[in-house]
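> Next come a sequence and a model predicted from it.
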Protein chains: 2
Amino acid sequence: MSSKPSIPKGTRDFSTEEMLKREYIFETIKQVFKLYGYQPIETPAIENLTTLLGKYGEEGDKLLFRILNSGDFLSSVSDDGLAKREYAKLSSIICEKGLRYDLTVPFARYVVQHRDEIVFPFKRYQIQPVWRADRPQKGRYREFFQCDVDVIGSDSLLNELELIQIIDQVFESLKVGIQIKINNRKILAGIAEFAGIPERITDITVALDKYEKIGWDNVKVELQSKGINSKSISDIESIINVIRLTNPKKLIFLRRILMDFPIGLEGIKELEELFHLLEKGNINASIVFDLTLARGLNYYTGAIIEVKSADINIGSICGGGRYDNLTGIFGLPGVSGVGVSFGADRIYDVMDQLSLFDVDNSSSTDVLLLNFGEAETEYGLRILGILRNFKVRAELYPDQSKLKKQMSYAVSKNIPYIIIAGEDEIKENNITIKTMSSEEQKTIPLDELGSFVNKVIKKS
Amino acid sequence: MSSKPSIPKGTRDFSTEEMLKREYIFETIKQVFKLYGYQPIETPAIENLTTLLGKYGEEGDKLLFRILNSGDFLSSVSDDGLAKREYAKLSSIICEKGLRYDLTVPFARYVVQHRDEIVFPFKRYQIQPVWRADRPQKGRYREFFQCDVDVIGSDSLLNELELIQIIDQVFESLKVGIQIKINNRKILAGIAEFAGIPERITDITVALDKYEKIGWDNVKVELQSKGINSKSISDIESIINVIRLTNPKKLIFLRRILMDFPIGLEGIKELEELFHLLEKGNINASIVFDLTLARGLNYYTGAIIEVKSADINIGSICGGGRYDNLTGIFGLPGVSGVGVSFGADRIYDVMDQLSLFDVDNSSSTDVLLLNFGEAETEYGLRILGILRNFKVRAELYPDQSKLKKQMSYAVSKNIPYIIIAGEDEIKENNITIKTMSSEEQKTIPLDELGSFVNKVIKKS
């Protein structure tokens, strides 16, 4: 026999048990999204590479899965082009399409493409898989699901509040303890100006983002390696010392330091207003202002939000922020949006490790009817019809196997009730019902099946 | 401004309205699958090409979307290999992965890979997109959804009955009128033997499958073009004349013709038994035995099932059959299975053309709270909190725009209730509720919001 088939590295099959747990997460998230007036859309898995390329930085371009053109994909490649073996260049000629890398860029593309049909502010959610040719490792997959919720076409901070309320309610419903971190990109811009190097904001934020993980000394080394001078570094350090202070004090101190830098002051003002709104917003989760929070993606322009599990160290389980010009890259400038993305796979891992799933979920058939053979089939089909009319999930064991085998099937599938309808039962127009948990077995007239369903099965 | 961005040919965006209609179809199908004891699994979109190639015939191999290997995909291609420009050969070297083409082959791969964790008979359903590099045309997409339901590890005809019951119940729930056609691959094999050319069964069935569409004369031309001799063709014709007879007579006549061909007789026996079971199975849809029904895929070995809309001419909207050796290709022989696949996209088109969707579905927010400005925000947030506690989908218009604009947002989103909570209302601890359908407006104490929700909103 040949060796077992397998699936590509970084991809996964989901068993029924995993599916039910995942559906519980998706369903909970969807219900909260809907409660806040968000509506679903979906976009295709395959996008034109022109839509995707250049949107995720140089590193992101490398992580895109590209789809080979159909037919003779070499037809428009010159002999010279082939001989040179410039694979990166060649890949753009032989591939026109790629798999989506996230849901944000396809969403921006959607908004621009369908702008005449959309009512703004446009509140949408989208739950779909994305693909990244990343090195697979624990908790990082090449195919994984994102649950995005965004509102576009409004710059009110009420939207930021609403998203944080959604985060709070989703994790409360899932019983996952969290900490929410917030920051504002404009404050980071102010810091870069304060340090005299506004043009280096990307290098600064990329390094700062690692502060929690690697500490200031290593951030310093990274800044030095990027060629940032020691005067600027010590300016940044003086601000980073703020991190030891409590929330309100941080902002007072920052306001003083950044008083000559309007962009920084604007960020502080936005953050203060947001904290003010949050006080009225009935949030249960703890929220901290984290000056080093930057998140990799360059398109954020205002609030930055990140959520971590309070109990499991697995990185961010939800994050997002405000982007003032995401649709600009597709020719529709001046539309501000804000959104967050829930990482369903990491949330799953957190819940699994904390045993937060209700395992009873895993049974999905209520009643198994044992198979005694052809003569009993007609009676059995009648019983099944009655059960299904009552919306009871029921199945007849398809083969006339030994009863031991049929019973062990019921046990493995965690089916709580067995119905026995053999020769004796049929003669008397009865059925015998066995409750698996108590091993109790009783024979009742077929007529009473409906009332058994209502009194016992539907209540269990 | 640059031109509008677009998506690849044959792919689609789904708006909220389309999503709600699609979710209605998926949800209905899922509920029926569960009622019959089937459980969900999912497999990755990306499979190894070794899993997919050779499973769908030569034509199918060409329609697979292949994913370019990451990094220097040319590294293992020789100069000579490049210079020769043999693109088909090259594509197998530079691509190791592809997008799934259907859900059946990945399911077979899943069963073999996870056979130690699976309890047989294994009843699973799977609802996921598939991709084919087909020429896009009306009703045919490059990315579309399949809803598959299969049972594997049992050769009882009760499974065929169950699948037909599922088909019947799904389309009855969706209110789509259908005709179910059935045939048996073994009868087709018997016909090929009767015609003296058992080895040509594929050519015969491919041609016969077009009978309904192109008529006998054209089928004859196709058979001739495949080099089938006129004696065999006239043998086939004599059997095809059976088609004009009614169901029971067809089988009596066929039994006589095929009496010397055991495989054919076995097919007839299976079909008779299935019809016998179907009589007891409470099926509402009309079921016909169609001798020319073959379906393209070669892996069917027993029953063949196909469903057409009774009202719209759009091709098959559901189909499947029994396969005795699907897992054999992955090294696990001797496991019989049977399954059908619902074509969600075509079912959508049929329902849309017949106006079978309940359009009220398209509203997804119950209440819009108008935005009067900062001073009113705190009171507004309280109202939102109450509504959401009552599971009422509610939103506050995020910007302090002109009331006309806010109202037109409510109209476009089809929101049935507006809440007005301005200075006057706040002073008296009241709210004003406007019912959009009747234009009726009334002011009530905030305390009574809960009872308004229960008496009016939840009933509407």
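Received the coordinates, thanks. Numbers count the residues shown, from 1 in each chain, chains lettered A, B, ... in the order given.
> what about A:Lys9, neighbour count?
For A:Lys9, the neighbour count with other Cβ atoms under 10 Å in any protein chain shown is 11. From N, CA and C alone the C-beta is placed, and that goes for glycine too.
> Pull the contacting residues for the residue nearest to it when sequence neighbours are not counted.
Excluding its sequence neighbours, the residue lying closest to A:Lys9 (Cβ to Cβ, 6 or more residues apart in numbering or on different chains) is A:Pro136, at 5.0 Å. Residues counted as contacts of A:Pro136 (Cβ atoms under 8 Å, 6 or more residues apart in numbering or on different chains) are A:9-10, A:142.
> repeat for A:Val32
Contacts for A:Val32 (Cβ under 8 Å, 6+ apart) come out as A:166, A:169-170, A:173.
> Buried ones in the helix or strand hosting it, by neighbour count?
Using DSSP states H and E, A:Val32 sits within helix A:16-35. Residues A:16-22, A:24-25, A:28-30, A:32-35 are the ones in helix A:16-35 that count as buried (16 or more other Cβ atoms under 10 Å in any protein chain shown).
> what pairs with the one helix or strand A:Lys123 maps to, and is each one parallel or antiparallel?
Here A:Lys123 is covered by strand A:122-131, with elements defined by DSSP H and E. Sheet pairing for strand A:122-131, assigned by DSSP bridges, gives strand A:39-40 (parallel), strand A:143-152 (antiparallel).
> is it possible to export those strands to CSV including mean pLDDT, mean neighbour count and distance to B:Ser286?
What follows is these, written out as CSV (pLDDT from 0 to 100; neighbours: other Cβ atoms under 10 Å in any protein chain shown; distance: least, Cβ to Cβ, whole Å):
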stretch, mean pLDDT, mean neighbour count, distance to B:Ser286
strand A:39-40, 94, 20, 36
strand A:143-152, 97, 22, 41
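> Sort out which residues of the helix or strand of chain A with the lowest mean pLDDT are buried, please.
Between all helices and strands in chain A, the lowest mean by mean pLDDT, DSSP states H and E belongs to helix A:79-84, at a mean of 84. Neighbour counts over helix A:79-84 (16+ other Cβ under 10 Å) mark A:Leu82 as buried.
> next one: stretch A:392-409
Buried positions in stretch A:392-409, judged by neighbour count with 16+ other Cβ under 10 Å: A:392-401, A:406-407, A:409.
> got it, and stretch A:419-429?
If you call a residue buried by 16+ other Cβ under 10 Å, then stretch A:419-429 has these buried ones: A:419-422, A:425-426.
> what's the closest of the buried residues of stretch A:392-409 to A:Asp447?
A:Val392 (16.2 Å; Cβ to Cβ).
> Around chain B, pick out the residues from the stretch 201-350 of chain A.
A:277, A:280-282, A:330-332 (Cβ under 8 Å from any Cβ of the partner chain).
> Okay, the residue lying farthest from the centre of chain A and chain B: tell me how far apart.
For chain A, the largest distance from the centre (Cα atoms, centre = their mean) belongs to A:Lys427, which lies 55.8 Å off. A:Lys427 is 19 Å from chain B, where distance means Cβ to the nearest Cβ, to the nearest Å.
> per-domain residue ranges of chain A.
Using automatic domain parsing, the domain parsing of chain A gives A:16-43+A:107-353, A:363-457.
> which of the ones you listed is buried the deepest?
domain A:16-43+A:107-353 (a mean of 19; mean count of other Cβ atoms under 10 Å in any protein chain shown).
> Give me the distance between the two termini of it.
End-to-end distance of domain A:16-43+A:107-353: 18 Å, with Cα to Cα, to the nearest Å as the criterion.
> Take the strands paired with strand A:122-131 and write them to a markdown table, including distance to B:Ser341.
Compiled in a markdown table, the strands paired with strand A:122-131 are given as follows (distance: least, Cβ to Cβ, whole Å):
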| stretch | distance to B:Ser341 |
| --- | --- |
| strand A:39-40 | 24 |
| strand A:143-152 | 22 |
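> And the closest residue to A:Gly302 other than its chain neighbours, how close does it get to chain B?
Among residues not flanking A:Gly302 along the chain, A:Arg322 sits closest, at 3.4 Å (Cβ to Cβ, 6+ apart). Distance of A:Arg322 to chain B, computed by Cβ to the nearest Cβ: 12 Å.
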